[in-house]
Structures are given as structure tokens and as C-alpha cells.
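Colleague: no FASTA, just this:
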């Protein structure tokens, strides 16, 4: 017999890869947030311009997953691994608390 289910509410920790975050990291020396690694970037430090930025996070399955500006990075409950979430999916799935 098919039944219907509702997903239980769960609290998460997350951050979004914004232009402001990337500028703080690349130009002001702020460390990368936990779990995020840059794979390549094209930027001009003196002019504080970023042409392109690409990064990755390591998932709970030990897979490196590509992320781009705008993605949300969600921390797994174990606190060690992360996974990306596209902005539209994040907004439709989570509310700020």
C-alpha cells in the first residue's frame, strides 16, 4: 500500500558563495569558510575585480563536487562534509531561523 509522508523539519548550517565573500577572501585575506576550496579563479587584485571563480566541496561520500558563485553550501550533520545547493532550490526548501 502506498502511503504519504512529510519530511521532518531539520536545522542546517549554510552559507552562500557571494561576490562579497569572494572579494573578502581574494582581496582582504579572509580565510575560506569550512569545507570550501578554490579550484581556479581569474581576478585582478589591484583593481579588485573577479572575472571567474570556481571551487569545490567534499561531500559525505568523499566526492569532490564543483560549486560556483551563488551556490549555497550546506554543512552535513557530522560537521565535516558539505554539499552544494542551487539558490532557487535553497530558497524553496529553507527558511532563516
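Modeller: Perfect, I can see it now. Only a predicted model underlies this, so the values are computations on that prediction, with no experimental measurement involved.
Colleague: residues of the top helix by length along the chain that come out buried?
Modeller: Of all segments of type helix in the chain, defined using DSSP state H, the longest is helix 19-28. Residues of helix 19-28 classed as buried: 21, 22, 25, 26, 27 (neighbour count, 16 or more other Cβ atoms under 10 Å). All C-beta atoms are positioned from the backbone trio N, CA, C, and that covers glycine.
Colleague: for these, which one is nearest residue 37?
Modeller: Closest to residue 37 out of the buried residues of helix 19-28 is residue 25 (11.1 Å), distances taken as Cβ to Cβ.
Colleague: Which residues does the lengthiest strand in the chain contact?
Modeller: If each strand of the chain is counted by residues according to DSSP state E, the longest one is strand 49-58. Residues from elsewhere that reach strand 49-58 (Cβ atoms under 8 Å, 6 or more residues apart in numbering): 17, 19, 22-23, 26, 35-44, 64-69, 73, 81-84.
Colleague: Show me the residues you listed that map onto helices.
Modeller: In this view, the contacts of strand 49-58 that belong to helices under DSSP H are 19, 22, 23, 26.
Colleague: hmm, which two among those are most spread apart?
Modeller: Checking the ones in helices among the contacts of strand 49-58 against each other with Cβ to Cβ, the farthest-apart pair comes out as 19 and 26, at 10.4 Å.
Colleague: ok so, going back, strand partners (parallel or antiparallel) of the longest strand of the chain?
Modeller: For strand 49-58, the paired strands and their directions (DSSP bridges) are strand 37-44 (antiparallel), strand 64-68 (antiparallel).
Colleague: quick one: that strand to helix 19-28, angle?
Modeller: Here strand 49-58 runs at an angle of 100 degrees relative to helix 19-28 (axes from the mean of the first three to the mean of the last three Cα atoms, to 10 degrees).
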